[in-house]
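Engineer: quick one, fold the following:
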Amino acid sequence: MLEVLLEGAAEKIPVEIKVSEQQYSKEEVRGLFQRVMRRLDRLILGKNESLDRIEYDMDLVTQVPGEPVGVEWELDRYDVMNIRGELQENVLDQEGTLVKLSAVLTYSEDPKEQALYECMANIFPKALTGKEQKGQRVMQEIMKREADSKTKRVWLLPEKIQGKAASYYKKMDYRGLVLIVMAILIAILLYALKQQNIRKEGEEKKRQMMLDYPEIVNKLALFLGAGMTVKRAWRKVVEDYERHKTDGNARHAYEEMKKACYEMESGVMETESYENFGRRCNVQSYIRLGALLSQNLRKGTKGLTHLLRLESIQAFEERKARAKRLGEEAGTKLLLPMFLMLAIVLIIVIVPAFLSIQI
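Structural biologist: The predicted structure is shown next:
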């Protein structure tokens, strides 16, 4: 894209100029075809040494790299080799089979400019590895025995091949083994997934219980300060939870408190119920709460309200510190998306600027 300023004009005129590819002259096209033909002599060989002995697939290219020339091939023996240069299985003549290859070369800028390329290839059976050659000799021995046994009801496999004792085994089908291994791996992965889900559920349960702990302690302290006994305050907390609970909104700490109520109703000692509550929760704060209630019942409830208020204040402080730590972790996790967004913005800004530059 250029801007043109004419003499006497006040404004520049934007002009988009397209530069066409250089066209070859007639002589250059003929030279191009000669160069391409010389390259084809090497390109089509593939892994073969020469056209006199073709044992591997040929590479019948349709476009010569770096040259504006297309190539279309024709063969006189498609039963020996296909149009892509791949040898066919029915190449059995050990002396070789001659195949004529013809290619029409077309100049891409002017399809009328064409040239003919021809060559002869002597095709031999595909070269075999040492193991394949042994297998072929063994197969020949077996087929020879089969031909001699056509008139017999029983066909016995040869006991010796090339003077060596031969043993026969049914080829093992590994599909069953693969399925067994896959089943074992799937079982291991499912078990690991189950354990991971259990661990996540446990972590979520503990997190929820730690969030509820300050509220539970504060309620117990309020009810005890109002003159209730520990057992009555405990039951009052559970009754408030049951009254406000909705389907699918169960809180683990309150459910464990409800179990402790059932234990006390069934005749378990109150102190033992509180200790069992702490052990079931398996969280240090609740174990401390259960031990605190149990010890104060044994020694007397004097000062219990004050201790619970101090515990409530400490729990709220821990909750605030935990919330602050979680906020910092969330900010750290957001760094990667922020960097990705920054990279996308830079690409959106820089790429159009580069594309607009005309060299």
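Engineer: quick check, residue 288 in contact with residue 279.
Structural biologist: No. In terms of CB atoms under 8 Å, residue 288 does not count as a neighbour of residue 279; the distance is 12.0 Å. (Glycine included, C-beta is placed from N, CA and C.)
Engineer: could you list every residue that touches the closest residue to residue 287 other than its chain neighbours?
Structural biologist: Spatially, and ignoring its direct neighbours in sequence, residue 287 is nearest to residue 278 (3.9 Å; CB to CB, 6 or more residues apart in numbering). Applying CB atoms under 8 Å, 6 or more residues apart in numbering, one finds that residue 278 lies in contact with 286, 287, 288, 289, 290, 291.
Engineer: ignoring the adjacent residues along the chain, who's closest to residue 119?
Structural biologist: residue 101 (5.2 Å).
Engineer: list the strands paired with the helix or strand containing the one you found, with their directions.
Structural biologist: Per DSSP states H and E: residue 101 is located in strand 97-107. Strand 97-107 pairs in its sheet with strand 69-75 (antiparallel), strand 114-123 (antiparallel), by DSSP bridges.
Engineer: nearest to residue 314, of these?
Structural biologist: The closest of these to residue 314 is strand 69-75. By CB to CB, the value is 83.9 Å.
Engineer: pull out the buried residues from the closest one.
Structural biologist: 69, 70, 71, 73, 75 (16 or more other CB atoms under 10 Å).
Engineer: same deal with stretch 98-112?
Structural biologist: For stretch 98-112, the neighbour count (16+ other CB under 10 Å) marks 99, 101, 103, 105, 106, 107 as buried.
Engineer: so where's the stretch 101-250 of the chain uncertain?
Structural biologist: Under the criterion pLDDT under 70, the flagged ranges of the stretch 101-250 of the chain are 127-133, 135-137, 145-146, 148-151, 155, 162, 172, 247-248.
Engineer: if we use 80, what do you get?
Structural biologist: Where the stretch 101-250 of the chain drops to pLDDT under 80, the residues are 125-176, 245-249.
Engineer: and if you look at the stretch 251-359 of the chain?
Structural biologist: Residues of the stretch 251-359 of the chain meeting the criterion pLDDT under 80: 296-335, 353-359.
Engineer: in which helix or strand does residue 313 reside?
Structural biologist: In this structure, residue 313 sits in helix 304-333 according to DSSP H and E.
Engineer: give the buried residues for that helix.
Structural biologist: So helix 304-333, judged by 16+ other CB under 10 Å, has buried residues 304, 305, 307, 308, 309, 311, 312, 315, 319.
Engineer: what's the angle from the helix or strand just after it to helix 304-333?
Structural biologist: Sequence-wise, the next helix or strand downstream of helix 304-333 (DSSP H and E) is helix 335-356. Calculated by axes from the mean of the first three to the mean of the last three CA atoms, to 10 degrees, helix 335-356 forms an angle of 20 degrees with helix 304-333.
Engineer: list the contacts of residue 189.
Structural biologist: By CB under 8 Å, 6+ apart, residue 189 has no neighbours at all.
Engineer: so what's the backbone phi/psi at it?
Structural biologist: Here is the backbone geometry of residue 189 (degrees, to the nearest 10): phi -70, psi -40.
Engineer: rewinding a little: show me which of the buried residues of stretch 98-112 is closest to residue 156.
Structural biologist: Of all the buried residues of stretch 98-112, residue 99 has the smallest distance to residue 156: 42.0 Å, by CB to CB.
Engineer: looks like that closest one contacts residue 75 (just checking).
Structural biologist: Yes. In this structure residue 99 lies within contact range of residue 75 using CB under 8 Å: 6.0 Å.
Engineer: overlap of the contact sets of the two?
Structural biologist: residue 81.
Engineer: picking up where we left off before, out of the strands paired with strand 97-107, nearest to residue 346?
Structural biologist: Among the strands paired with strand 97-107, the nearest to residue 346 by CB to CB is strand 69-75 (41.7 Å).
Engineer: chain center to the closest one: distance?
Structural biologist: Computed by CA atoms, centre = their mean, to the nearest Å, the chain-centroid distance of strand 69-75 equals 41 Å.
Engineer: C-alpha coordinates for that strand, PDB please?
Structural biologist: The C-alpha trace of strand 69-75 is given here as PDB (Å, rounded to 0.1, in the frame of the first residue of the first chain):
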ATOM      1  CA  VAL A  69       5.900 -27.400 -12.400                       C
ATOM      2  CA  GLY A  70       3.100 -30.000 -11.900                       C
ATOM      3  CA  VAL A  71       3.600 -33.700 -12.700                       C
ATOM      4  CA  GLU A  72       1.000 -36.200 -13.900                       C
ATOM      5  CA  TRP A  73       2.100 -39.800 -14.200                       C
ATOM      6  CA  GLU A  74       1.000 -42.700 -16.400                       C
ATOM      7  CA  LEU A  75       2.200 -46.400 -16.200                       C
END
